[in-house]
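okay, here's the prediction I keep looking at, along with the sequence it came from:
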Amino acid sequence: MWHSRLIKKSAVMRPLPENVRVLYFASDCVEPYIKIVKFGDTKRRTSLCSSVESEAEEAEYHEEDDNGLPVLSDHSQLLDDLHLERLVAQMPARTHGYPWHLVYSTAIHGSSLKTLYRNMAGLDSPVLLVIKDMQKKVFGAFSSDPFKVSKYCYGTGETFLFSFSPDFKAYRWSGKNSYFVSGNSESLQIGGGGSGFALWLDAELYHGASFSCATFQNAPLSTQEDFVVLDLEVWTVHD
């Protein structure tokens with residue numbers, strides 16, 4: 001709010017309060033016209049602008065984080081930066097910004113589905129299964145739930161399949177059924193309905209198969225419907 005008034009004549013101009021500003025001098029013998037500045041309003045406006053700018057900077061910072069590649073707890077034998085970039089873009093937002101931890105690797109733990117289940121006991125976070133077959137084709141699945149032995153199918157519509165050969169392709173839930181993941185001591189199965197499982201692995205994690213299925217309406221992930229595993233890794237995403 002602006003105010004102006006004529007201050008009484010004085011030979012010497014009195015010191016002005018901090019919140020008073022000179023507008024102009026009418027003459028040499030008359031003290032100036034002044035305005036009273038409400039610093040409270042000015043400070044509030046400055047504070048508000050600072051807050052908005054800070055929030056914008058913070059949003060930009062988080063956006064840059066989301067666009068970055070995940071931090072891996074261990075070196076991957078199967079994933080490079082291009083793989084990571086493509087996969088992160090497909091994964092649900094709740095997984096972004098968290099490091100990836102290697103839970104199972106055939107290069108480290110040997111080839112055993114039983115060991116894979118054991119290493120995931122107690123986990124409550126999504127997992128990423130990555131396979132390289134003898135034809136050097138890389139493919140796999142993101143599962144909303146860790147792999148386990150169960151009488152029934154488990155998982156949610158966040159689960160999807162992917163393949164990197166010849167180009168990256170992701171197959172998301174079709175809504176046709178909910179046969180996301182199932183597992184027993186003899187095999188691990190992902191997807192179902194139609195010709196067979198979208199991805200099937202035996203107890204030794206050595207022989208596998210991939211068919212078109214209703215769950216994801218996918219093409220076979222491997223070069224051949226029946227394949228042999230060269231390397232296999234499972235990563236979990238959590239803080």
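Received the coordinates, thanks.

for A198, which non-adjacent residue is spatially closest?
Spatially, and ignoring its direct neighbours in sequence, A198 is nearest to G191 (2.9 Å; CB to CB, 6 or more residues apart in numbering). Heads up, the C-betas are built off the backbone N, CA and C, glycines and all.

quick check, the one you found in contact with A219.
No - the pair G191 and A219 does not pass the contact test of CB atoms under 8 Å, sitting 12.0 Å apart.

what about N218, distance to S212?
The gap separating N218 from S212 is 6 Å, by CB to CB, to the nearest Å.

so the two - more neighbours on which side?
Neighbour totals were compared for N218 and S212, and N218 leads with 24 against 18 (other CB atoms under 10 Å).

sec struct for that one, please.
Look at N218: counting by DSSP: H, G, I helix; E, B strand; the rest coil, its state is coil.

check the one 10 residues further on too.
Per three-state DSSP, the local secondary structure of V228 is strand.

find the residues that touch each one of N218 and S212.
A198 (CB atoms under 8 Å, 6 or more residues apart in numbering).

can you give me phi and psi for R118?
Backbone torsions of R118, given as degrees, to the nearest 10, read phi -60, psi -40.

what does D81 give?
The phi/psi pair for D81 (degrees, to the nearest 10) is phi -60, psi -40.

list the contacts for the closest residue to it other than its chain neighbours?
Nearest residue to D81, sequence neighbours excluded (CB to CB, 6+ apart): L69, at 6.0 Å. With contact taken as CB under 8 Å, 6+ apart, L69 is in contact with 81, 84-85, 88.

and those as JSON lines, adding secondary structure, distance to S174 and neighbour count?
Converted to JSON lines, the contacts of L69 look like this (DSSP: H, G, I helix; E, B strand; the rest coil; distance: CB to CB, whole Å; neighbours: other CB atoms under 10 Å):
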{"residue": "D81", "secondary structure": "helix", "distance to S174": "30", "neighbour count": "8"}
{"residue": "L84", "secondary structure": "helix", "distance to S174": "26", "neighbour count": "16"}
{"residue": "E85", "secondary structure": "helix", "distance to S174": "25", "neighbour count": "14"}
{"residue": "V88", "secondary structure": "helix", "distance to S174": "23", "neighbour count": "17"}
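
any idea which of the residues you listed is closest to F139?
L84 (15.1 Å; CB to CB).

correct me if wrong: that closest one contacts P70.
Yes - counting by CB under 8 Å, P70 is a contact partner of L84 at 6.1 Å.

quick check: D80 vs L72, distance?
11 Å.

before we move on, what about K132?
16 Å.

neighbour count: the two, which is higher?
Taking other CB under 10 Å, K132 and L72 do not tie; K132 has more neighbours (22 against 14).

can you confirm that one is in a helix?
No - according to three-state DSSP, K132 belongs to no helix; its state is strand.

what residues are up against it?
77-78, 138, 229-232.
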